[in-house]
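J.: no sequence on this one, just coordinates:
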């Protein structure tokens, strides 16, 4: 596979296989225990709220019990901090954790090129096979460097009670979404919450306009060749600018975090302060951790992002991705063993039952209990194809420049053309 190969998970396959400062001294490298006989495995992940932290804590304890002499030190960090700061700093300092969250696309390619990750095919071939096509985005030149434990698509999480109160219908086209926003506004309800303070949730709005406006060929050229010349990319910014003009978001959205606390965009939806949030498949678990009773509210619903009539983009295409783990280059064999256990059918069933996301091991999907996650899985199975998150697909350099341009547009200080120019300028430095 070319290092800039197109990374898509086609829904036909997904339906069958998925129902588809530097932290010196804190990381591991398989340190020996104080007695010289034990092994300590450090594990960093992005579970900080909802039911998932307890799941990973239980997994670590079970693995220790089954492996005398092995200690697992697992730590959850906020996703943005983990991806953008903690892991890159630890890798650059030569002191990474043994097992850690690995994002696919350009970031993975950079880590492989720098020798930070170990290939997993020999040690975990059967485990990789168990997740089918969802492993593809974690592969470089035919080798697998990470294994996704969850995969899904983005959509609208919404408050069914507020929709009923406003007499709003679930939209099936983008024009209907605009009408729904108007109905909610007229009823005195904040239509949509967005955590623009974390940048990427705002950027995902532009991603969706690009996905629905650009042909699959234009998206592929952008991903493989950094070719952003198709006018659809400027059109995406123009459409977003027009959408911002109808004031769909909460007051102060530029400073709102995405997932931290009751005042976050997820918290606003969880506590009835907004009717919708555009977010990934993991959001039900996050929302459940931000309610007073720590439960997913009964009013929560989900629907896919509607298409734009007359646009070149496929209206049934979806934006998505997953979370996966990989082992650092110098991690001991116990790292792969822990990852194998995380990906076991029993643990994947536990993950599914917790409501934290959609498992990638097909045999575990019957354990999904949350009706919203079942709807996401159904939406995934009906998608014509799934485009990897654009900042992930394009890599850190281009992705950060793109997100910066989009946030500027949200703030009223940028233009649709400047988003594309920032992407082109960033690509030229690679």
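T.: The structure has been received and is ready for your questions. Quick caveat, the model's predicted, so the values are computed rather than measured.
J.: So which bits of stretch 169-182 are buried?
T.: Of all the residues in stretch 169-182, those buried under the rule 16 or more other C-beta atoms under 10 Å are 170-171, 174, 177-178, 180-181. For glycine as for every other residue, the C-beta is placed from the backbone atoms N, C-alpha and C.
J.: Ok, stretch 144-164 next?
T.: Of the residues in stretch 144-164, those buried (16+ other C-beta under 10 Å) are 144-159, 162-163.
J.: what's the span of it, first residue to last?
T.: This stretch, stretch 144-164, spans 47 Å end to end (C-alpha to C-alpha, to the nearest Å).
J.: can you give me the mean pLDDT across it?
T.: For stretch 144-164, the mean per-residue pLDDT is 96.
J.: With respect to residue 369, which of the buried residues of stretch 169-182 is nearest?
T.: Nearest to residue 369 among these: residue 170, at 22.5 Å, using C-beta to C-beta.
J.: sorry, back to before: the buried residues of stretch 169-182 in strands, which ones?
T.: Using DSSP state E, no member of the buried residues of stretch 169-182 sits in strands.
J.: Put together TSV for these, with distance to residue 72 and pLDDT on each row.
T.: Formatted as TSV, these follow (distance: C-beta to C-beta, whole Å; pLDDT from 0 to 100):
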residue	distance to residue 72	pLDDT
170	43	97
171	45	97
174	46	95
177	45	98
178	49	97
180	46	98
181	46	98
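J.: okay if I get those residues as a markdown table plus distance to residue 66?
T.: Shown next, in a markdown table, are the buried residues of stretch 169-182 (distance: C-beta to C-beta, whole Å):
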| residue | distance to residue 66 |
| --- | --- |
| 170 | 46 |
| 171 | 49 |
| 174 | 51 |
| 177 | 49 |
| 178 | 54 |
| 180 | 51 |
| 181 | 52 |
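J.: Show me which of those is closest to residue 213.
T.: residue 174 (10.2 Å).
J.: just the strands in the stretch 251-400 of the chain please.
T.: Taking DSSP state E, counting those that start in this stretch as the test, the strands found in the stretch 251-400 of the chain are 276-279, 300-304, 318-327, 385-388.
J.: Which of these sits closest to residue 48?
T.: Minimum separation from residue 48 across those (C-beta to C-beta) falls at strand 318-327, 13.0 Å.
J.: which helices and strands does that closest one pack with?
T.: strand 99-102, strand 147-153, helix 200-213, helix 333-342, helix 371-382, strand 385-388 (3 or more C-beta pairs under 8 Å, 6 or more residues apart in numbering; DSSP states H and E).
J.: Give me the helices and strands touching the longest one, please.
T.: It stands for helix 200-213. helix 232-244, strand 276-279, strand 318-327, helix 390-394, helix 396-411.
J.: Which one of those lies nearest to residue 102?
T.: Closest approach to residue 102 among the helices and strands packed on helix 200-213 is made by strand 318-327 (3.8 Å; C-beta to C-beta).
J.: What ranges in the protein fall below the confidence cut-off?
T.: Within the chain, the ranges that satisfy pLDDT under 70 run 1-37.
J.: ok, back up a step: dump the strands of the stretch 251-400 of the chain to CSV, plus distance to residue 270 and mean neighbour count.
T.: Formatted as CSV, the strands of the stretch 251-400 of the chain follow (distance: least, C-beta to C-beta, whole Å; neighbours: other C-beta atoms under 10 Å):
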stretch, distance to residue 270, mean neighbour count
strand 276-279, 9, 26
strand 300-304, 8, 20
strand 318-327, 21, 26
strand 385-388, 26, 25
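J.: Redo the ones you listed as CSV? Include distance to residue 405.
T.: Output for the strands of the stretch 251-400 of the chain, formatted as CSV (distance: least, C-beta to C-beta, whole Å):
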stretch, distance to residue 405
strand 276-279, 19
strand 300-304, 26
strand 318-327, 18
strand 385-388, 19
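J.: Residue 363 is nearest to which of those?
T.: strand 318-327 (17.1 Å).
J.: Report the strands that pair with the closest one, each with its relative direction.
T.: Strand partners for strand 318-327, identified by DSSP bridges, are recorded as strand 99-102 (antiparallel), strand 147-153 (antiparallel), strand 385-388 (parallel).
J.: Name the surrounding residues that touch the first one.
T.: Defining contact as C-beta atoms under 8 Å, 6 or more residues apart in numbering, one finds that strand 99-102 is touched by 41-46, 82-83, 87, 108, 111, 117, 138, 145-146, 323-328, 331, 335, 338-339.
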